[in-house]
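>>> Okay, here's the prediction I keep looking at, along with the sequence it came from:
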Amino acid sequence: MPEQKGHKWFAAIYDRMMASAEKSFMRKVREEIAGGASGRVLEIGCGTGANFAYYRDGASEIIATDPNPYMLERARRKAAALSRPIDIRAASAEELPFEDGSFDTVVSTLNFCTIPEPPRALAEIKRVLKAGGEFRFYEHVRYDHAFGAFWQDLVTPVWRWFGAGCHPNRDVASLIREAGFDFVELEHSKPLPPVPPMVFSRPHIKGIARPL
């Protein structure tokens, strides 16, 4: 598919905005989620390519997709600096241009908050995974209590505008389960401080799921 309109300014500031997190908790997350990927790997919503340096030899082939041309421009520069090939393509998670059962692993990090139609994207992930394949993910999610979820719902319209379509109030674990996945691992954490604006995206989940 052709590259879509993207958020040029958001792509320009993304790496700087994430710099502190990348030096702290995101390093371990990427080592585990991307570093544990094996076989033929598809990364959806690769953004600026923050996961690329963490893939290990167990990943025999890596294809990375994103619909945002400005993110892809930065991702291609990061891929070019590595010693291993990464095939980067323009594609949305809701329309993956790959055959059924063609990947051993699908990776997604901090991605499902901005996907316009998460159920469609999860159906596509399930379709392209081989039987027994792994969906490895890390996402910020909805609070599990009414008070926090209320404030996430309240701030979402403004947050979406500032965050290039990001929804802080999505219950991603429930969406994954409803899409027909079984959790092999699921870990909840709150790595961000409980102060604005980080408090609105404080709950995170990390896990591995397989298609039922």
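Yep, it's here.
>>> So which residues of this structure form strands?
39-43, 59-66, 87-90, 103-109, 129-140, 181-189, 204-211 (DSSP state E).
>>> pLDDT weak spots in this structure?
Flagging of the chain using pLDDT under 70 yields the residue ranges 1-6.
>>> Look at the nearest residue to residue 188 once chain neighbours are set aside and say how many residues are nearby.
Counting by CB to CB, 6 or more residues apart in numbering, residue 205 is the residue found nearest to residue 188 once chain neighbours are left out, at 5.7 Å. C-beta coordinates here come from the backbone N, C-alpha and C atoms, glycine included. Neighbours of residue 205 under the rule other CB atoms under 10 Å: 20.
>>> Could you do the one 3 residues further on as well?
Counted by other CB under 10 Å, the residues lying close to residue 208 total 19.
>>> got the contact list for it?
36, 134, 135, 136, 137, 183, 184, 185 (CB atoms under 8 Å, 6 or more residues apart in numbering).
>>> And the helices in this structure?
8-23, 25-33, 69-80, 118-128, 146-162, 172-178 (DSSP state H).
>>> Is it possible to get CSV of those helices that adds distance to residue 110?
Converted to CSV, the helices of the chain look like this (distance: least, CB to CB, whole Å):
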stretch, distance to residue 110
helix 8-23, 8
helix 25-33, 8
helix 69-80, 12
helix 118-128, 14
helix 146-162, 14
helix 172-178, 11
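>>> just so I know, which of those lies nearest residue 48?
If you check each of these against residue 48 by CB to CB, helix 69-80 wins as the nearest, at 4.0 Å.
>>> who's sitting farthest from the centroid in the protein?
Residue farthest from the centre of the chain, counting by CA atoms, centre = their mean, is residue 147 at 26.0 Å.
>>> follow-up on the earlier one: nearest to residue 40, of the helices of the chain?
Across the helices of the chain, closest to residue 40 is helix 118-128 (CB to CB), at 9.9 Å.
>>> which parts of that closest one are buried?
Across helix 118-128, burial judged by 16 or more other CB atoms under 10 Å covers 118, 121, 122, 124, 125, 126, 128.
>>> looking at it, the fourth one is touching residue 99, isn't it?
This means residue 124. No. Between residue 124 and residue 99 there is no contact under CB atoms under 8 Å: 11.8 Å.
>>> and residue 63, which of the helices of the chain is closest to it?
helix 118-128 (10.1 Å).
>>> And that closest one, how far out from the chain middle?
Taking the mean of its C-alpha atoms, helix 118-128 sits 13 Å from the chain's own mean (CA atoms, centre = their mean, to the nearest Å).
>>> Appreciated, that's everything.
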